[in-house]
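J.: Structure for this input, please:
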Amino acid sequence: MFEAIPPADAAMMKWVMIDWDDDSCVKILKRCKEAIKKMVMIIEMAMENQTIEENIETQIFFDLEAMIVAQGKQRKEEEWAKLFFEAGFRNYKIYPVLGLRCLIKIYP
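T.: Down below sits the predicted model:
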């Protein structure tokens, strides 16, 4: 799993973390932290960032799918923060700008 990540200023992952459990996500993020100088961008859902009824139903559907198909899950902001800090990142910012998806920027 993610044996090596080439050195770069930034990296972007879209719909990657949903497929992994928390321990695997921390391992992936640690590899990113070793290789990335400025920021890692993640495009995923942050569960509580949407309050419209239709969006909540869609988020729950994606959460169930992630649990059944890939042993992963959708995460709330507090869960994301725990993963980022466990992996050694200093700071993060979540931008709910892509409909149900969020752009999450994390900084080493």
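
J.: which stretches of this structure aren't confidently modelled?
T.: Scanning the chain for pLDDT under 70 picks out 1-2, 47-72.

J.: At which residues are the strands of it located?
T.: 8-14, 36-44, 91-98, 101-107 (DSSP state E).

J.: got the CA coordinates for the third one in CSV?
T.: The one in question is strand 91-98. Output of strand 91-98 as CSV, limited to C-alpha atoms (Å, rounded to 0.1, in the frame of the first residue of the first chain):
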residue,chain,number,x,y,z
ASN,A,91,-2.7,22.2,10.4
TYR,A,92,-5.6,21.7,8.1
LYS,A,93,-8.5,23.6,6.5
ILE,A,94,-11.7,22.2,5.1
TYR,A,95,-13.4,24.1,2.3
PRO,A,96,-17.0,22.8,1.6
VAL,A,97,-17.0,24.1,-2.0
LEU,A,98,-17.6,21.1,-4.3
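
J.: Mind listing residues that contact it?
T.: 43, 46, 49-50, 77, 80-81, 84, 102-107 (C-beta atoms under 8 Å, 6 or more residues apart in numbering). Quick note: C-beta positions are derived from backbone N, CA and C, even for glycine.
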